[in-house]
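Student: Give me the fold of what follows.
(one chain, ligands or ions: 3)
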Amino acid sequence: AELCKDFYSKSCPKLFRTVKSVVKSAVSKERRMGASLVRLFFHDCFVNGCDGSILLDDTPCFRGEQTAGPNNNSVRGYNVIDQIKSKVEHVCPGVVSCADIVAIAARDSTVLLGGPNWNVKLGRRDAKTASFYDANNTGVLPSPRANLSTLIKLFGDKGLSPKDMVALSGAHTIGQARCVVFRDRIYNRTNIDSSFAKTRQANCPRTTGSGDNKLAPLDVKTANFFDNAYYKNLIHKKGLLNSDQVLFNGGSTDSFVRTYSSNPDAFYSDFVSAMIKMGDLDPLTGCKGEIRKKCSRVN
Ligand code: HEM
Ligand SMILES: [Ca+2]
Ligand SMILES: [Ca+2]
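Tutor: Ligands and ions are numbered 1, 2, ... in the order given. Okay, the predicted model is just below:
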(Lines give C-alpha, C1' and ligand atoms only; values in the text may rest on other atoms or scores of the structure.)
(Ligands and ions follow the chains in the order given, each with its own letter.)
Protein backbone atom coordinates (compact mmCIF):
# COMPACT_ATOMS: atom_id res chain seq x y z
CA ALA A 1 0.00 0.00 0.00
CA GLU A 2 1.05 3.57 -0.66
CA LEU A 3 1.34 6.47 1.71
CA CYS A 4 -0.82 9.52 0.95
CA LYS A 5 -1.28 12.95 2.41
CA ASP A 6 -5.02 12.53 3.04
CA PHE A 7 -4.72 9.27 4.96
CA TYR A 8 -6.33 10.68 8.14
CA SER A 9 -8.53 13.37 6.59
CA LYS A 10 -11.73 11.52 7.60
CA SER A 11 -10.47 9.57 10.62
CA CYS A 12 -8.62 12.46 12.28
CA PRO A 13 -9.35 15.83 10.72
CA LYS A 14 -7.75 17.70 13.62
CA LEU A 15 -4.45 15.83 13.33
CA PHE A 16 -2.29 18.54 11.76
CA ARG A 17 -3.53 21.29 14.08
CA THR A 18 -2.96 19.07 17.08
CA VAL A 19 0.59 18.13 16.15
CA LYS A 20 1.52 21.67 15.22
CA SER A 21 0.30 23.15 18.49
CA VAL A 22 2.57 20.87 20.53
CA VAL A 23 5.59 21.31 18.24
CA LYS A 24 5.07 25.05 18.29
CA SER A 25 5.09 25.28 22.05
CA ALA A 26 8.12 22.98 22.31
CA VAL A 27 10.07 25.03 19.75
CA SER A 28 9.11 28.33 21.35
CA LYS A 29 10.49 27.03 24.66
CA GLU A 30 13.68 25.82 22.98
CA ARG A 31 14.52 26.44 19.32
CA ARG A 32 16.88 23.48 19.29
CA MET A 33 13.98 21.08 19.82
CA GLY A 34 12.98 21.73 16.20
CA ALA A 35 16.37 20.41 15.10
CA SER A 36 16.10 17.44 17.41
CA LEU A 37 12.75 16.45 15.91
CA VAL A 38 14.10 16.61 12.36
CA ARG A 39 16.97 14.34 13.36
CA LEU A 40 14.62 11.92 15.13
CA PHE A 41 12.84 11.35 11.82
CA PHE A 42 16.16 10.61 10.03
CA HIS A 43 17.28 8.13 12.68
CA ASP A 44 13.89 6.42 12.64
CA CYS A 45 13.72 6.09 8.86
CA PHE A 46 17.28 4.78 8.37
CA VAL A 47 16.82 1.90 10.82
CA ASN A 48 14.06 -0.54 9.81
CA GLY A 49 12.30 2.21 7.85
CA CYS A 50 9.98 4.96 9.12
CA ASP A 51 8.18 2.75 11.61
CA GLY A 52 8.60 4.47 14.98
CA SER A 53 11.14 1.82 16.01
CA ILE A 54 13.40 4.44 17.59
CA LEU A 55 10.65 5.47 20.00
CA LEU A 56 10.50 2.14 21.84
CA ASP A 57 12.05 2.28 25.30
CA ASP A 58 14.24 -0.56 26.49
CA THR A 59 12.59 -3.11 28.76
CA PRO A 60 14.17 -5.83 30.90
CA CYS A 61 13.60 -8.28 28.02
CA PHE A 62 14.29 -6.01 25.08
CA ARG A 63 17.02 -3.66 23.98
CA GLY A 64 15.77 -1.06 21.53
CA GLU A 65 17.55 1.62 19.50
CA GLN A 66 17.79 4.44 22.00
CA THR A 67 21.04 3.30 23.60
CA ALA A 68 22.79 2.57 20.28
CA GLY A 69 25.91 4.71 19.69
CA PRO A 70 24.44 7.35 17.36
CA ASN A 71 21.32 7.75 19.53
CA ASN A 72 22.55 7.41 23.10
CA ASN A 73 22.72 10.75 24.97
CA SER A 74 22.23 12.34 21.59
CA VAL A 75 18.80 11.89 20.04
CA ARG A 76 16.25 14.14 21.74
CA GLY A 77 12.55 14.84 21.43
CA TYR A 78 11.04 11.58 22.64
CA ASN A 79 9.04 13.50 25.24
CA VAL A 80 7.64 15.88 22.66
CA ILE A 81 6.49 12.92 20.54
CA ASP A 82 4.85 11.40 23.64
CA GLN A 83 3.07 14.70 24.32
CA ILE A 84 1.86 14.94 20.74
CA LYS A 85 0.66 11.34 20.86
CA SER A 86 -1.34 11.85 24.03
CA LYS A 87 -3.06 14.94 22.57
CA VAL A 88 -3.76 13.08 19.32
CA GLU A 89 -5.13 10.08 21.25
CA HIS A 90 -7.47 12.49 22.96
CA VAL A 91 -8.97 13.75 19.66
CA CYS A 92 -8.84 10.47 17.65
CA PRO A 93 -8.05 7.48 19.82
CA GLY A 94 -6.30 4.49 18.28
CA VAL A 95 -6.03 5.99 14.80
CA VAL A 96 -2.73 7.77 14.19
CA SER A 97 0.64 5.99 14.22
CA CYS A 98 3.68 7.26 16.06
CA ALA A 99 5.70 6.86 12.86
CA ASP A 100 3.40 9.37 11.14
CA ILE A 101 3.58 11.74 14.10
CA VAL A 102 7.39 11.77 13.80
CA ALA A 103 7.11 12.61 10.09
CA ILE A 104 4.67 15.46 10.70
CA ALA A 105 6.70 16.82 13.63
CA ALA A 106 9.83 16.92 11.43
CA ARG A 107 7.97 18.92 8.79
CA ASP A 108 6.41 21.30 11.33
CA SER A 109 9.80 21.87 12.95
CA THR A 110 11.39 22.72 9.61
CA VAL A 111 8.66 25.24 8.87
CA LEU A 112 8.75 26.79 12.35
CA LEU A 113 12.50 27.37 12.03
CA GLY A 114 11.98 29.20 8.75
CA GLY A 115 12.44 26.37 6.26
CA PRO A 116 10.27 25.03 3.44
CA ASN A 117 6.82 23.49 3.80
CA TRP A 118 5.54 20.30 2.16
CA ASN A 119 2.71 17.80 2.27
CA VAL A 120 3.67 14.85 4.46
CA LYS A 121 2.65 11.45 3.15
CA LEU A 122 0.92 9.36 5.80
CA GLY A 123 -0.39 5.88 6.51
CA ARG A 124 2.65 4.32 8.18
CA ARG A 125 2.01 1.90 11.02
CA ASP A 126 4.17 1.29 14.08
CA ALA A 127 6.71 -1.46 14.45
CA LYS A 128 6.38 -4.04 17.17
CA THR A 129 10.13 -4.29 17.34
CA ALA A 130 13.33 -2.31 16.90
CA SER A 131 16.92 -3.00 15.95
CA PHE A 132 19.69 -2.11 18.37
CA TYR A 133 22.05 -3.83 15.99
CA ASP A 134 21.24 -1.71 12.92
CA ALA A 135 21.02 1.51 14.94
CA ASN A 136 24.49 0.76 16.27
CA ASN A 137 25.94 -0.12 12.86
CA THR A 138 27.99 2.55 11.09
CA GLY A 139 27.10 0.66 7.91
CA VAL A 140 23.51 1.81 8.43
CA LEU A 141 23.54 5.12 10.33
CA PRO A 142 26.55 7.09 9.09
CA SER A 143 29.32 8.15 11.45
CA PRO A 144 30.38 11.81 11.69
CA ARG A 145 33.84 10.56 10.71
CA ALA A 146 32.56 9.04 7.45
CA ASN A 147 34.22 9.92 4.16
CA LEU A 148 32.33 10.90 1.00
CA SER A 149 32.25 7.47 -0.64
CA THR A 150 30.85 5.92 2.55
CA LEU A 151 28.14 8.57 2.77
CA ILE A 152 27.20 8.07 -0.88
CA LYS A 153 27.10 4.30 -0.33
CA LEU A 154 24.95 4.41 2.83
CA PHE A 155 22.39 6.80 1.33
CA GLY A 156 22.49 4.83 -1.93
CA ASP A 157 21.59 1.70 0.03
CA LYS A 158 18.37 3.52 0.97
CA GLY A 159 17.62 4.57 -2.59
CA LEU A 160 18.80 8.13 -1.95
CA SER A 161 21.06 9.76 -4.53
CA PRO A 162 24.23 11.76 -3.79
CA LYS A 163 22.18 14.88 -4.46
CA ASP A 164 19.53 13.75 -1.93
CA MET A 165 22.33 13.08 0.54
CA VAL A 166 23.80 16.56 0.13
CA ALA A 167 20.36 18.19 0.38
CA LEU A 168 19.44 16.17 3.50
CA SER A 169 22.76 17.03 5.13
CA GLY A 170 21.55 20.62 4.87
CA ALA A 171 19.49 19.79 7.97
CA HIS A 172 22.74 20.60 9.76
CA THR A 173 21.78 24.22 9.19
CA ILE A 174 20.03 23.81 12.56
CA GLY A 175 20.96 22.23 15.88
CA GLN A 176 23.99 21.33 17.92
CA ALA A 177 26.66 18.68 18.18
CA ARG A 178 28.79 17.41 21.06
CA CYS A 179 32.53 17.89 21.28
CA VAL A 180 33.04 14.13 21.13
CA VAL A 181 31.77 13.99 17.53
CA PHE A 182 33.84 16.91 16.17
CA ARG A 183 37.01 16.81 18.32
CA ASP A 184 39.01 14.82 15.79
CA ARG A 185 38.16 17.27 13.04
CA ILE A 186 38.99 20.48 14.89
CA TYR A 187 42.36 19.16 16.16
CA ASN A 188 43.58 16.81 13.45
CA ARG A 189 42.17 17.75 10.06
CA THR A 190 43.64 20.23 7.65
CA ASN A 191 40.64 21.06 5.45
CA ILE A 192 39.33 23.41 8.14
CA ASP A 193 39.45 27.19 8.49
CA SER A 194 42.07 27.78 11.18
CA SER A 195 40.29 30.53 13.06
CA PHE A 196 37.09 28.48 13.05
CA ALA A 197 39.03 25.50 14.41
CA LYS A 198 40.50 27.68 17.19
CA THR A 199 37.09 29.00 18.16
CA ARG A 200 35.70 25.49 18.44
CA GLN A 201 38.77 24.24 20.31
CA ALA A 202 38.12 26.84 23.02
CA ASN A 203 35.02 24.93 24.09
CA CYS A 204 36.11 21.39 23.21
CA PRO A 205 39.25 20.17 24.98
CA ARG A 206 41.70 18.02 23.06
CA THR A 207 41.81 15.20 25.60
CA THR A 208 39.38 12.37 25.02
CA GLY A 209 36.95 12.16 27.91
CA SER A 210 37.14 15.81 28.93
CA GLY A 211 34.29 18.05 27.88
CA ASP A 212 32.81 15.38 25.60
CA ASN A 213 29.32 16.79 26.00
CA LYS A 214 30.11 20.43 25.36
CA LEU A 215 27.96 21.69 22.52
CA ALA A 216 28.68 23.68 19.39
CA PRO A 217 26.27 24.78 16.65
CA LEU A 218 26.40 22.69 13.47
CA ASP A 219 25.90 25.92 11.53
CA VAL A 220 28.35 28.57 12.75
CA LYS A 221 26.15 31.35 11.35
CA THR A 222 22.48 30.58 12.01
CA ALA A 223 21.97 27.44 14.11
CA ASN A 224 18.41 28.41 15.00
CA PHE A 225 17.30 29.19 11.50
CA PHE A 226 16.62 26.83 8.62
CA ASP A 227 18.45 28.51 5.73
CA ASN A 228 21.26 27.69 3.30
CA ALA A 229 24.09 29.05 5.48
CA TYR A 230 25.32 25.48 6.06
CA TYR A 231 26.54 25.30 2.45
CA LYS A 232 28.22 28.70 2.61
CA ASN A 233 30.08 27.45 5.68
CA LEU A 234 31.30 24.41 3.78
CA ILE A 235 32.70 26.61 1.02
CA HIS A 236 34.64 28.49 3.72
CA LYS A 237 35.88 25.22 5.28
CA LYS A 238 33.71 25.80 8.32
CA GLY A 239 31.85 22.51 8.39
CA LEU A 240 31.75 21.20 11.96
CA LEU A 241 31.72 17.46 11.30
CA ASN A 242 34.05 15.61 9.01
CA SER A 243 30.92 14.21 7.31
CA ASP A 244 29.89 17.81 6.59
CA GLN A 245 33.15 19.04 5.10
CA VAL A 246 33.64 15.98 2.86
CA LEU A 247 30.64 17.19 0.86
CA PHE A 248 32.83 20.08 -0.29
CA ASN A 249 36.38 18.86 -0.49
CA GLY A 250 37.23 18.71 -4.18
CA GLY A 251 34.98 15.73 -4.86
CA SER A 252 31.90 14.83 -6.87
CA THR A 253 29.41 16.66 -4.60
CA ASP A 254 31.12 20.08 -4.68
CA SER A 255 28.78 21.26 -7.41
CA PHE A 256 25.66 20.55 -5.31
CA VAL A 257 27.15 22.50 -2.41
CA ARG A 258 27.90 25.45 -4.70
CA THR A 259 24.39 25.42 -6.12
CA TYR A 260 22.71 25.29 -2.69
CA SER A 261 25.02 27.96 -1.29
CA SER A 262 23.95 30.44 -3.93
CA ASN A 263 20.37 29.29 -4.50
CA PRO A 264 18.27 28.72 -1.39
CA ASP A 265 15.21 27.81 -3.47
CA ALA A 266 17.10 24.96 -5.13
CA PHE A 267 18.13 23.73 -1.66
CA TYR A 268 14.58 23.95 -0.31
CA SER A 269 13.09 22.15 -3.25
CA ASP A 270 15.68 19.34 -3.22
CA PHE A 271 15.47 19.08 0.58
CA VAL A 272 11.71 18.63 0.36
CA SER A 273 11.95 15.93 -2.35
CA ALA A 274 14.60 14.11 -0.35
CA MET A 275 12.63 14.29 2.92
CA ILE A 276 9.60 12.83 1.10
CA LYS A 277 11.80 10.10 -0.37
CA MET A 278 13.30 9.33 3.03
CA GLY A 279 9.80 9.24 4.51
CA ASP A 280 8.90 6.49 2.06
CA LEU A 281 11.52 4.11 3.45
CA ASP A 282 9.96 0.70 4.22
CA PRO A 283 6.72 1.82 5.83
CA LEU A 284 4.53 -0.77 7.52
CA THR A 285 1.11 -0.60 5.89
CA GLY A 286 -2.08 -2.65 5.66
CA CYS A 287 -2.21 -5.16 8.50
CA LYS A 288 1.50 -4.97 9.30
CA GLY A 289 2.57 -3.47 12.60
CA GLU A 290 0.09 -1.73 14.86
CA ILE A 291 -1.12 1.68 15.96
CA ARG A 292 0.59 2.10 19.30
CA LYS A 293 -1.33 3.61 22.17
CA LYS A 294 1.88 4.99 23.67
CA CYS A 295 4.82 5.68 21.39
CA SER A 296 7.40 4.42 23.87
CA ARG A 297 6.07 0.86 24.04
CA VAL A 298 4.27 -1.74 21.98
CA ASN A 299 0.60 -2.34 22.77
C1 HEM B 1 25.10 12.60 6.18
C2 HEM B 1 25.25 11.85 7.28
C3 HEM B 1 25.01 12.40 8.65
C4 HEM B 1 25.86 12.29 9.70
C5 HEM B 1 27.19 11.57 9.73
C6 HEM B 1 25.24 12.99 10.80
C7 HEM B 1 25.79 13.10 12.08
C8 HEM B 1 25.29 13.91 13.07
C9 HEM B 1 25.92 14.08 14.34
C10 HEM B 1 27.19 13.36 14.81
C11 HEM B 1 25.21 14.99 15.04
C12 HEM B 1 25.48 15.49 16.45
C13 HEM B 1 25.09 14.42 17.44
C14 HEM B 1 25.60 14.68 18.82
O15 HEM B 1 26.45 15.52 19.05
O16 HEM B 1 25.12 14.02 19.76
C17 HEM B 1 24.10 15.37 14.21
C18 HEM B 1 23.14 16.28 14.56
C19 HEM B 1 22.04 16.58 13.77
N20 HEM B 1 21.70 15.96 12.60
FE21 HEM B 1 22.88 14.77 11.48
N22 HEM B 1 24.05 13.52 10.40
C23 HEM B 1 23.85 13.17 9.09
C24 HEM B 1 22.74 13.44 8.32
C25 HEM B 1 21.61 14.06 8.81
C26 HEM B 1 20.34 14.08 8.14
C27 HEM B 1 20.03 13.37 6.84
C28 HEM B 1 19.49 14.83 8.93
C29 HEM B 1 18.05 15.15 8.71
C30 HEM B 1 17.47 15.22 7.54
C31 HEM B 1 20.26 15.27 10.07
C32 HEM B 1 19.81 16.11 11.04
C33 HEM B 1 20.53 16.50 12.15
C34 HEM B 1 20.12 17.56 13.06
C35 HEM B 1 18.92 18.48 12.87
C36 HEM B 1 21.07 17.60 14.09
C37 HEM B 1 21.04 18.49 15.33
C38 HEM B 1 20.18 17.81 16.38
C39 HEM B 1 20.03 18.54 17.70
O40 HEM B 1 20.50 19.66 17.87
O41 HEM B 1 19.42 17.93 18.61
N42 HEM B 1 21.52 14.76 9.98
N43 HEM B 1 24.17 14.70 13.02
CA1 LIG C 1 12.71 2.88 12.24
CA1 LIG D 1 21.07 27.87 9.63
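
Student: Identify the spatial nearest neighbour of the residue of the stretch 51-200 of the chain found nearest ligand 3, chain neighbours not counted.
Tutor: Closest approach between the stretch 51-200 of the chain and ligand 3, counting by C-beta to the ion: residue 173, at 3.5 Å. Any C-beta I mention is one placed from the backbone N, CA and C, and that applies to glycine too. Closest residue in space to residue 173, ignoring its immediate chain neighbours: residue 230 at 4.0 Å, by C-beta to C-beta, 6 or more residues apart in numbering.

Student: That neighbour and residue 247: what is the separation?
Tutor: 9 Å (C-beta to C-beta, to the nearest Å).

Student: Neighbour count: these two, which is higher?
Tutor: The neighbour count for residue 230 versus residue 247, taken as other C-beta atoms under 10 Å, is higher for residue 230 (29 against 25).

Student: So for the helix or strand hosting the more buried one, mean pLDDT?
Tutor: Using DSSP states H and E, residue 230 sits within helix 229-235. Averaged across helix 229-235, pLDDT comes to 98.

Student: Can you list the buried residues in it?
Tutor: By 16 or more other C-beta atoms under 10 Å, the buried positions in helix 229-235 come out as 229, 230, 231, 232, 233, 234.

Student: tell me which of those is nearest to residue 186?
Tutor: Of all the buried residues of helix 229-235, residue 233 has the smallest distance to residue 186: 13.8 Å, by C-beta to C-beta.

Student: tell me which parts of the stretch 101-250 of the chain are close to ligand 1?
Tutor: Within reach of ligand 1 by C-beta under 6 Å from any ligand atom, the stretch 101-250 of the chain has these residues: 142-144, 146, 151, 168-169, 171-172, 174-178, 181, 218, 241, 243.

Student: can you do 8 Å?
Tutor: 106, 141-146, 151, 154-155, 165, 168-172, 174-178, 180-182, 215, 218, 241, 243-244 (C-beta under 8 Å from any ligand atom).

Student: What residues does the protein have near ligand 2?
Tutor: Applying C-beta under 5 Å from the ion, we find that the chain lies next to ligand 2 at 44, 47, 48, 51, 53.

Student: So what's the residue count around the fourth one?
Tutor: Residue 51 is flanked by 28 other residues according to other C-beta under 10 Å.

Student: Now do it against residue 275, distance only.
Tutor: According to C-beta to C-beta, residue 51 stands 17 Å off from residue 275.

Student: Ok, the third one next?
Tutor: Distance from residue 48 to residue 275, counting by C-beta to C-beta: 18 Å.

Student: So for those two, which residue has more residues nearby?
Tutor: The neighbour count for residue 48 versus residue 275, taken as other C-beta under 10 Å, is higher for residue 275 (26 against 21).

Student: Would you agree the more buried one falls within a strand?
Tutor: No: using DSSP: H, G, I helix; E, B strand; the rest coil, the secondary structure at residue 275 is helix, not a strand.

Student: can I get the residues of the chain next to ligand 2 in a markdown table with distance to ligand 3?
Tutor: Compiled in a markdown table, these are given as follows (distance: C-beta to the ion, whole Å):
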| residue | distance to ligand 3 |
| --- | --- |
| 44 | 23 |
| 47 | 26 |
| 48 | 30 |
| 51 | 29 |
| 53 | 29 |
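
Student: which ones among these are found in strands?
Tutor: Residues of the residues of the chain next to ligand 2 located in strands (DSSP state E): none.

Student: between those residues, which is closest to ligand 1?
Tutor: Ligand 1 has its nearest neighbour among these in residue 44, at 10.7 Å by C-beta to the nearest ligand atom.

Student: How many residues are close by the spatially closest residue to the closest one that is not a sequence neighbour?
Tutor: In this structure, residue 44 finds its nearest non-sequential neighbour in residue 54, 4.4 Å apart by C-beta to C-beta, 6+ apart. Residue 54 has 31 neighbouring residues, counting by other C-beta under 10 Å.

Student: In contact with residue 54, which residues are there?
Tutor: Residues in contact with residue 54, defined by C-beta atoms under 8 Å, 6 or more residues apart in numbering, are 40, 43, 44, 47, 64, 65, 66, 71, 75, 130, 135.
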